[in-house]
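Colleague: below is the structure, and that's it, no one-letter string:
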């Protein structure tokens, strides 16, 4: 498929996605057309990497070679192919991979305008003694017959994080050590600014078959750092994949 409307840019050499935190170098960005073609003009001479991301597709792209721009030069990169992260067939997904939390619930910034019906699902919950406690979201899904072919995969794309830690547990909320943790992440302040995106992060988490059950399953997502109201994360997209070898019918 064509990477239509992809964001494509030249920025300082680094890892895929490193352009997000680069504040010293020049960056030059454009959008690909409906057929995936793009042209970046008036680039300052220097050494760059080519980066890209595609609305509706998870992950970050980086062209394998450095690109040197000289005065008056033209560079034709030919056909570029991006292989987004995928380890198996999609069993279910939540949200749209567009690097924003726009389709998820965002509370009103003014307390007197907040619908009290939904205040219990914030990342941090305020208790009666004016302190905050971590809240846990749950994703409930069914597996008709878990496969023994290999690991499942949980893709978690975050649109924002501030001084937070996302812990993931499968079917056991009480286990002390989470099955996965991001560690302390985020300084983008999108929560305090009431935005819908900050720095994009993608975590692809292998899920061993032993953690899953036949029938009903639960994934517990806990933002464990709860010192104040501005610590929190915003979800972009969640996808659960079966093992690569698994053939899923429409009832799976």
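Modeller: Structure received. Being a predicted model, the structure only gives us computed values, none of them experimental.

Colleague: low-scoring stretches of the stretch 51-200 of the chain, by residue?
Modeller: Within the stretch 51-200 of the chain, the stretches with pLDDT under 70 are 106-131.

Colleague: which residues of it fall in strands?
Modeller: Read by DSSP state E, counting those that start in this stretch, the stretch 51-200 of the chain holds these strands, from start to end of the chain: 61-62, 67-69, 90-95, 124-126, 132-134, 136-143, 152-164, 166-170, 180-181, 185-187.

Colleague: tell me the angle the third one makes with strand 136-143.
Modeller: Looking back up the chat, that one is strand 90-95. In terms of direction (axes from the mean of the first three to the mean of the last three C-alpha atoms, to 10 degrees), strand 90-95 departs from strand 136-143 by 150 degrees.

Colleague: next: the longest one.
Modeller: The directions of strand 152-164 and strand 136-143 differ by 170 degrees, with the same axes, to 10 degrees as the criterion.

Colleague: what's the spacing between residue 199 and residue 176?
Modeller: 29 Å (C-beta to C-beta, to the nearest Å). (C-beta placed from N, C-alpha, C; glycine too.)

Colleague: who's more crowded, the two?
Modeller: Shown here are residue 199 and residue 176; by other C-beta atoms under 10 Å, residue 199 has more neighbours (18 against 5).

Colleague: test my guess that the more buried one contacts residue 19.
Modeller: No: the criterion here is C-beta atoms under 8 Å, and residue 199 misses it with residue 19 at 10.8 Å.
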